[in-house]
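Peer 1: Curious how this folds, go ahead:
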Amino acid sequence: MAHSHNHNHSHEVTGKNLSVSIFLNIAITLAQIIGGFISGSLSLLSDALHNFSDVLSLILSLFAHKLAKRKASEKYTFGYKRAEILAAFINAATLVIVALFLIYEAVERFSKPEVIGSGLVIWLSLLGILFNGFSALILKKDAEHNLNMKSAYLHLFTDMMASVAVLVGGLLMKYFQWFWIDSVITLGIAIYLIIMGFGLLKSTTKMLMLFTPEDLDINEIIAKLHNVTGKNTLHHIHLWNLNDNKLHFEAHLECTENISISDFNSIVSEIEEVLHHEFHISHCTIQPEFGKSCSKEFIVQD
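Peer 2: Numbers count the residues shown, from 1 in each chain. Got it, this is the predicted structure:
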C-alpha cells in the first residue's frame, strides 16, 4: 500500500490574536451585563448574552487550536487535528441556540415594552462596536485559512453588527421614545445569528461526517487519474477532510497485470502528482490489487 504526504505552506495561524479577543470580550460582557440591568434594555442584555457565549466559544477555539498542534502518537495516530472542526461545530451550534433564546425573550417583551435608559445603551453599544470591531479585524486573516478561526471571527463580527443594531435602537429610544424597538432589534440580532450560524453548522457537520468536499467532484478526479493509470482502474474510493485544510484520498487500484512493486510505485507517483497539483489533496493511500474478486464500483460501502 502506497502513501504520500504533501505539505502545503500557507498563512500560519497562531492563537495570539484570539487571546486578545478573549480579553476584550470579557470586558465588553461585564460592562453590558451591568449596563443592561441598570438601563432595563433587553437588546443590551441579549448582546451581553451573545458576548458571553462568544467568550466561551473563543476559549474553546483557542483550546482546540492549541490541541490541534499536538503531535500524533501511538494512541492518537491522527493527533488532534479534528479538534478545530469540532470546536467550530460547537461554536456554530451555540450561535443558533442563543438566537432561539433571544427570539423567545423578544416576543415576550414585545407585548410589554418597558422604559429604557437609552443613554447607557448608546455608550455601551459604542464600546461593543469598538472592541468587537477590533477583535474581528485582527482575526480576519486567520479566518481565511482556518475553519475554527472562521467560527471565532463570525462570533465577533456578528457581535459587532449586533452592537450597531443596539446603537440604532438606543438612538431611536432616546429621540423618539420608541421603546418597542428594543424587542425588534433583539429579534433582528437573533435572525442574523441563525443565518450566520447555520452555514457554518452545515459545513462542519459535513466534515465531521466525512462527506466528500463540496468543491471536488469524484468523477472528475477519477477521469483525470485514469489518464495516468491506463488500463489499471481505481475503485473503492474515499475522499474526505481531515481538517479544514488537509484532504485525504484513498482507493484500490486494480492492476491488469501482476506488476512489480517498482512499477506500482511509478503509477502511484503519477497519481500523487495529479491529486496534489490539480486538486490540492495532501495525503494519498493506494492499495494495489490483482485478480481479486470484489466490487469494482467507484464507491463501495465498507
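Peer 1: For the rest of this, base every contact and every neighbour count on C-alpha atoms.
Peer 2: Noted.
Peer 1: Rounded mean pLDDT for the biggest helix by length in the chain, please.
Peer 2: Using DSSP state H, we find that the single longest helix of the chain is helix 147-176. Across helix 147-176, pLDDT averages out at 82.
Peer 1: who are the neighbours of it, in terms of helices and strands?
Peer 2: Secondary-structure packing of helix 147-176 (3 or more C-alpha pairs under 8 Å, 6 or more residues apart in numbering; DSSP states H and E): helix 42-68, helix 83-110, helix 118-143, helix 181-208.
Peer 1: Which of the ones you listed has the highest mean neighbour count?
Peer 2: Mean neighbour count (mean count of other C-alpha atoms under 10 Å) peaks for helix 42-68 among these, with a mean of 23.
Peer 1: Just list what that helix packs against, helices and strands only.
Peer 2: helix 16-39, helix 83-110, helix 147-176, helix 181-208.
Peer 1: chain center to that helix: distance?
Peer 2: Centroid separation for helix 42-68 versus its chain: 14 Å, with C-alpha atoms, centre = their mean, to the nearest Å.
Peer 1: Measure how it sits relative to helix 83-110, angle-wise.
Peer 2: Orientation note: helix 42-68 sits at an angle of 170 degrees relative to helix 83-110 (axes from the mean of the first three to the mean of the last three C-alpha atoms, to 10 degrees).
Peer 1: Just the pLDDT for the closest residue to S19 other than its chain neighbours.
Peer 2: Setting aside the residues directly before and after it, S19 is nearest to L62 in space (C-alpha to C-alpha, 6 or more residues apart in numbering), at 7.4 Å. If you check L62, the pLDDT there is 85.
Peer 1: so L62 touches N17, yeah?
Peer 2: No. Here L62 lies out of contact with N17, judged by C-alpha atoms under 8 Å, at a distance of 9.7 Å.
Peer 1: Cross-check the contact I'm expecting between H252 and P288.
Peer 2: Yes. Contact criterion C-alpha under 8 Å: H252 and P288 qualify, at 5.9 Å.
Peer 1: Please list all residues in contact with the nearest residue in space to K150 that is not next to it in sequence.
Peer 2: Leaving out its chain neighbours, the residue that sits closest to K150 by C-alpha to C-alpha, 6+ apart is A143, at 4.0 Å. Residues in contact with A143, defined by C-alpha atoms under 8 Å, 6 or more residues apart in numbering, are 149-153.
Peer 1: Export these as JSON lines, with columns for distance to D217.
Peer 2: Putting the contacts of A143 into JSON lines (distance: C-alpha to C-alpha, whole Å) gives the following:
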{"residue": "M149", "distance to D217": "27"}
{"residue": "K150", "distance to D217": "25"}
{"residue": "S151", "distance to D217": "26"}
{"residue": "A152", "distance to D217": "29"}
{"residue": "Y153", "distance to D217": "29"}
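Peer 1: May I have stretch 237-251 exported as PDB, CA atoms only?
Peer 2: Only the C-alpha atoms of stretch 237-251 are listed here, as PDB (Å, rounded to 0.1, in the frame of the first residue of the first chain):
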ATOM      1  CA  ILE A 237     -12.700   5.400  -3.300                       C
ATOM      2  CA  HIS A 238     -12.900   7.600  -0.200                       C
ATOM      3  CA  LEU A 239     -12.200  11.400  -0.200                       C
ATOM      4  CA  TRP A 240     -12.600  13.500   3.000                       C
ATOM      5  CA  ASN A 241     -11.300  16.400   5.000                       C
ATOM      6  CA  LEU A 242      -9.100  15.500   7.900                       C
ATOM      7  CA  ASN A 243      -9.400  19.200   8.900                       C
ATOM      8  CA  ASP A 244     -10.300  22.300   7.000                       C
ATOM      9  CA  ASN A 245      -7.000  22.400   5.100                       C
ATOM     10  CA  LYS A 246      -6.000  18.800   4.800                       C
ATOM     11  CA  LEU A 247      -7.600  16.500   2.200                       C
ATOM     12  CA  HIS A 248      -7.200  12.700   2.300                       C
ATOM     13  CA  PHE A 249      -7.800  10.300  -0.600                       C
ATOM     14  CA  GLU A 250      -7.700   6.500  -0.600                       C
ATOM     15  CA  ALA A 251      -8.600   4.000  -3.300                       C
END
